[in-house]
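In: next comes the sequence, and after it the predicted model I'd like to discuss.
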Amino acid sequence: MAAFGNGSELESVLSGNARFAVEPLPLPRMRDGWVAGLAVKKEADDLAKVLQAAACGSLLSFVAATEAVVQRNLEPRLSAFARATEAAG
C-alpha cells in the first residue's frame, strides 16, 4: 500500500503506526521542507523503490525497479497458471 499526499497530513495520521514509514519525497526543489509526502508499508520495499524512482523522474531506475517487482511477483504466478493450463489439457 502506498499513499502520496500532504506531508503534515500523512504524518498526523500515520505517525506512530509501525506498519508505515513516512518519508519525504527526494525532490531537489523541496530542500527547506516538504509539502507532499509518500507513505508505503514497511514490508513493501519493491513498491517503495518503484514509487521513489517515479517521483524522482529517473526512467532507468523506474524501469529497473518495475522489472524487479514483476519478476518477483508476477512471473511466478504466470508460470503457475501456464503449468495449470497445460495440465488441464
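Out: Okay, I see it. Since this is a predicted model, take the numbers as computed values, not measurements. Numbering: from 1, shown residues only.

In: can we go C-alpha only for contacts and neighbour counts from here?
Out: Fine.

In: in which helix or strand does the residue nearest the centre of the chain reside?
Out: The centre of the chain sits closest to residue 47, judged by Cα atoms, centre = their mean, with a distance of 2.2 Å. If you go by DSSP states H and E, residue 47 is part of helix 45-56.

In: now that helix: average pLDDT?
Out: Helix 45-56 carries an average pLDDT of 79.

In: so how far is that helix from its chain's centroid?
Out: Offset of helix 45-56 from its chain centre (Cα atoms, centre = their mean, to the nearest Å): 5 Å.

In: which residues does the very next helix or strand once past it contact?
Out: Toward the C-terminus, helix 45-56 is succeeded by helix 59-69 as the next helix or strand (DSSP H and E). If you take Cα atoms under 8 Å, 6 or more residues apart in numbering as the criterion, helix 59-69 is touched by 46, 47, 49, 50, 51, 53, 54.

In: follow-up on the earlier one: distance of the residue nearest to the centre of the chain from residue 86?
Out: Note on residue 47: its distance to residue 86, by Cα to Cα, to the nearest Å, is 32 Å.

In: show me the contacts for the residue lying closest to residue 41 once chain neighbours are set aside.
Out: Leaving aside its sequence neighbours, residue 41 sits nearest to residue 20 (Cα to Cα, 6 or more residues apart in numbering; 4.5 Å). Shown in contact with residue 20 (Cα under 8 Å, 6+ apart): 14, 39, 40, 41, 42.

In: tell me, how many residues neighbour the last one?
Out: Okay, so that is residue 42. Other residues near residue 42 come to 15 when the count uses other Cα atoms under 10 Å.
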